[in-house]
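>>> just a sequence and a predicted model for now, questions to come.
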Amino acid sequence: MTLKESIQVQQTQLWLLRHGECEGGDILRGQVDVPLTRRGLQQMEHALNANLVFDHIYSSPLQRCAEFAKSFCQQQVTELSLQPNLAELNFGDWDGAGFDTLYQQHGDALTQFWNDPWTNKHLPPQGEPMVDFEQRVIEFIKQCASEHVGEKVLLVTHGGVIRCLMAWALSVQRSAGFYSQLAIAYASVIQIDIFVDEQGQLHPKLYWPTIG
């Protein structure tokens, strides 16, 4: 018996689109605000089926997401809402630095952070705690689920945000190694349907990969 058959539920359909290839080379992109390459914009344009119609569109305010989201909203004739809670993790002093430089200067600390980002002693200097990042992302998703029942919502966002939501949907939050072991390609499309039962409990269902 499925969830739908066992209890009366309401559903919100979330489509998560990661940004495309970015300028700046091989750097740690958190909240450093770099633009898309031309190829990156094309990747996003090809990621979604032209027949898809969304009721609401939210985007990270960082330009590698917002640039495409603004043009896509014009095609959809849908209002865009820029949502800071969909921004990538802030890596503090490491944000925007090249990976070669980071591993040369902070190799041990960076490895410890990737292995266990929830331990504060492994936090990048001046960086955003992972628990705060996950809380802001998941609280926004819960708000979306309650405000957009029966609707299809597009979220244009980042790899870290998508990994956070996949971990939440799979009930593997704070699992060491999950983020670093999960590959999310540029312009990936992930679908999460969120069912809300009569007691107000959320039941996410993950579709990955999905064909946009």
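Right, received. Where do you want to start? Values in this document were obtained by computation on a predicted structure and should not be read as measured data. Residues are numbered from 1 along each chain as shown.

>>> residues contacting Gln63?
With contact set as CB atoms under 8 Å, 6 or more residues apart in numbering, Gln63 has these partners: 33-36. Just so you know, the C-beta spots here come from the backbone N, C-alpha and C atoms, and that holds for glycine as well.

>>> I'd guessed Leu62 sits against Leu36; true?
No: judged on CB atoms under 8 Å, Leu62 makes no contact with Leu36 at a distance of 10.4 Å.

>>> where does pLDDT dip in this protein?
1-9, 210-212 (pLDDT under 70).

>>> try it again with 50
1, 5-6 (pLDDT under 50).

>>> circling back to that earlier point, biggest separation within the contacts of Gln63, which pair?
Asp33 and Leu36 (11.4 Å; CB to CB).

>>> between the two, point out the one with more neighbours.
Leu36 (21 against 12; other CB atoms under 10 Å).

>>> confirm for me that the more buried one is in contact with Arg29.
No: using CB under 8 Å, Leu36 is not in contact with Arg29, being 11.5 Å away.

>>> who touches both of the two?
Shared contacts of Leu36 and Arg29, defined by CB under 8 Å, 6+ apart, are found at 22, 64.

>>> overlap of the contact sets of Leu62 and Leu36?
By CB under 8 Å, 6+ apart, the residues touching both Leu62 and Leu36 are His19.

>>> Leu16: which element?
For Leu16, the element it lies in under DSSP states H and E is strand 10-18.

>>> elements contacting that strand?
The helices and strands touching strand 10-18, judged by 3 or more CB pairs under 8 Å, 6 or more residues apart in numbering; DSSP states H and E, are helix 130-147, strand 152-157, helix 159-169, strand 189-196.

>>> next secondary structure element downstream of the third one?
It stands for helix 159-169. Moving toward the C-terminus from helix 159-169, the next helix or strand (DSSP H and E) is helix 178-181.

>>> same question for the last one.
Using DSSP H and E, the next helix or strand after strand 189-196 towards the C-terminus is strand 202-207.

>>> what's the angle between that following strand and strand 10-18?
Angle, strand 202-207 to strand 10-18, by axes from the mean of the first three to the mean of the last three CA atoms, to 10 degrees: 50 degrees.

>>> which parts of strand 202-207 are buried?
If you call a residue buried by 16 or more other CB atoms under 10 Å, then strand 202-207 has these buried ones: 202-204.

>>> cool, stretch 42-62 as well?
43-44, 47-48, 54, 56-60, 62.

>>> which one of the helices and strands packed on strand 10-18 lies nearest to Ala183?
Evaluated with CB to CB, these place helix 159-169 nearest to Ala183, the distance being 9.1 Å.

>>> quick one, the closest one and strand 152-157 angle?
For helix 159-169 against strand 152-157, the angle by the same axes, to 10 degrees is 130 degrees.

>>> elements contacting helix 159-169?
When contacts are defined as 3+ CB pairs under 8 Å, 6+ apart, helix 159-169 packs onto strand 10-18, helix 130-147, helix 178-181, strand 189-196, strand 202-207.

>>> tell me the angle that helix makes with strand 189-196.
Angle, helix 159-169 to strand 189-196, by the same axes, to 10 degrees: 40 degrees.

>>> now the angle from helix 159-169 to helix 130-147?
Using the same axes, to 10 degrees: helix 159-169 against helix 130-147 is 70 degrees.

>>> output the helices and strands packed on strand 10-18 as TSV; include the columns distance to Ser180 and mean neighbour count.
Conversion of the helices and strands packed on strand 10-18 to TSV gives the following (distance: least, CB to CB, whole Å; neighbours: other CB atoms under 10 Å):
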stretch	distance to Ser180	mean neighbour count
helix 130-147	12	17
strand 152-157	18	25
helix 159-169	9	22
strand 189-196	18	20
